[in-house]
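Visitor: Sequence first, then the predicted structure:
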Amino acid sequence: MVNTPRKTTDSKEAAQESPEDKASLPGPMAVLRTAREQLAELTGMTPESVSSFERTEDGWLLEIEVLELSRVPDTMSLLASYEVQLDPQGELMGYRRLRRYERGRSEPRGTGAH
């Protein structure tokens, strides 16, 4: 996935979309469900949650937490955070792993991936 500057859509740009454009584009919940399904199909891993979700000028950008390796006890399972980029119709354009961590461990305050 190529790192390109991201610009979120503001209310003026959203207002300039025609009613036909809005009607043909999937809503946020449909995009969210589709992104989880597509990532699971491509990686073979189980999405656990969506921790970030935004509309950009190029489509959608999500951060999805995925179970990479199940362990006993569950607090030792390995999770990963994936950045997922979708086009305006909700089709997956690319993804990349941002970080990997044990379920029972939290990040120190103020150390996000972005």
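Guide: Looks like it arrived, so ask away.

Visitor: In space, what's closest to Met93 - neighbours in sequence excluded?
Guide: Nearest residue to Met93 in three dimensions, chain neighbours excluded: Gln85, at 4.8 Å (Cβ to Cβ, 6 or more residues apart in numbering). C-beta: built from backbone N, CA, C; applies to glycine.

Visitor: which residues touch the one you found?
Guide: The contact partners of Gln85, taken as Cβ atoms under 8 Å, 6 or more residues apart in numbering, are Met1, Asp58, Gly59, Trp60, Leu61, Leu92, Met93, Gly94, Tyr95.

Visitor: let's see 6 Å
Guide: By Cβ atoms under 6 Å, 6 or more residues apart in numbering, the contact set of Gln85 is Leu61, Met93, Gly94.

Visitor: Quick one: the residues you listed as JSON lines, columns for distance to Thr46, secondary structure and pLDDT too.
Guide: Output for the contacts of Gln85, formatted as JSON lines (distance: Cβ to Cβ, whole Å; DSSP: H, G, I helix; E, B strand; the rest coil; pLDDT from 0 to 100):
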{"residue": "Leu61", "distance to Thr46": "21", "secondary structure": "strand", "pLDDT": "98"}
{"residue": "Met93", "distance to Thr46": "22", "secondary structure": "strand", "pLDDT": "97"}
{"residue": "Gly94", "distance to Thr46": "20", "secondary structure": "strand", "pLDDT": "97"}
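
Visitor: quick check, nearest of those to Ser24?
Guide: For Ser24, the nearest member of these is Met93. The distance, counting by Cβ to Cβ, is 17.9 Å.

Visitor: neighbours of that closest one, just the number please.
Guide: Applying other Cβ atoms under 10 Å, we find 12 residues neighbouring Met93.

Visitor: for the residue nearest to Met93, which residues make a bridge with it?
Guide: For Gln85, the beta-bridge assignment (DSSP bridges) gives partners Leu61, Gly94.

Visitor: Against Asp58, how distant is it?
Guide: Gln85 sits 8 Å away from Asp58, going by Cβ to Cβ, to the nearest Å.

Visitor: what does Pro88 give?
Guide: For Pro88, the distance to Asp58 equals 8 Å [Cβ to Cβ].
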